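*Asks:* mind looking at a prediction? Sequence and model below.
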Amino acid sequence: MMKLITSLNLLFFLFSASAIAQTKGSLENPANGSATSGIYMFSGWACDAELIEIVINGGSGLKAAYGTDRGDTEATCGDRDNGFGLLFNMALLGTGTHEAVAFADGRQIGRSTFSVTKMSTGEFLQNASKLAIGYNFPSYGKEVWLEWIESAQNFAITKEQETPDPLDVAGI
């Protein structure tokens, strides 16, 4: 009889431990305190999940794609197919502070508070083009060219170069 009670206690402990075990994972983007805009990807990783959901501002869970290769998670998870991502148009949220919570099989694996800036043109700007230049980035004496990408609803770096000397008139 004592063996039966001991066995039942052991089974109860093992069941309870597995029931309360937390799924390892992380919501990496958007980073807490960051600023976002345009078509953005909520992303991170989770070990051994069936369903990854992102809940924005307490709304309904949005299913994220799951299972992309993440070599950096192999030591923690024992495998590499742990990445997740969800594309989302941040303009739908409106300008202000928002919160995202990531769940793996119903268990929270990450939370982030971030800010969004929605352009005055609406939720999706069409038929626009613009080239802007950022000086002294990524370091002094360099410049990057930023080009509007409609499909991303954001600017992308399309060129990096040394900043031309405005006093160099050679070839003019």
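*Replies:* Structure received.

*Asks:* every contact and neighbour count from this point should use C-alpha atoms.
*Replies:* Fine.

*Asks:* please, where are all the strands along the chain?
*Replies:* Along the chain, the segments classed as strands by DSSP state E run 25-29, 35-36, 39-46, 52-56, 61-63, 65-69, 81-89, 96-104, 107-116, 131-135, 142-149, 154-162.

*Asks:* would you map out the domains in this structure?
*Replies:* Listed by automatic domain parsing, the domain ranges of the chain are 22-116, 131-162.

*Asks:* next, format the ones you listed as JSON lines and append distance to residue 122, mean neighbour count and mean pLDDT.
*Replies:* Listed next are the domains of the chain as JSON lines, based on distance: least, Cα to Cα, whole Å; neighbours: other Cα atoms under 10 Å; pLDDT from 0 to 100:
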{"stretch": "domain 22-116", "distance to residue 122": "7", "mean neighbour count": "18", "mean pLDDT": "96"}
{"stretch": "domain 131-162", "distance to residue 122": "11", "mean neighbour count": "15", "mean pLDDT": "93"}
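
*Asks:* one step back: so which of the strands of the chain is nearest residue 169?
*Replies:* Closest to residue 169 of those is strand 154-162 (Cα to Cα; 15.9 Å).

*Asks:* what strands line up against that closest one, and which way round?
*Replies:* strand 142-149 (antiparallel) (DSSP bridges).

*Asks:* before we move on, back to that, nearest to residue 170, out of the domains of the chain?
*Replies:* domain 131-162 (16.2 Å).

*Asks:* got the end-to-end distance for the closest one?
*Replies:* 17 Å (Cα to Cα, to the nearest Å).

*Asks:* tell me the contacts of the residue nearest the centre of the chain?
*Replies:* When Cα atoms, centre = their mean is applied to the chain, the residue found nearest the centroid is residue 29 (2.4 Å). Residues in contact with residue 29 (Cα atoms under 8 Å, 6 or more residues apart in numbering) are 41, 42, 43, 44.

*Asks:* does the first one touch residue 84 like I think?
*Replies:* No. Under the criterion of Cα atoms under 8 Å, residue 41 is not in contact with residue 84, lying 9.5 Å apart.

*Asks:* ok, of the contacts of residue 29, which one's closest to residue 55?
*Replies:* Distances from residue 55 to the contacts of residue 29, taken by Cα to Cα, are shortest for residue 42, at 10.5 Å.

*Asks:* quick one: the closest one and residue 86 touch, right?
*Replies:* Yes. Shown here, residue 42 and residue 86 form a contact pair, counting by Cα under 8 Å, at 5.1 Å.
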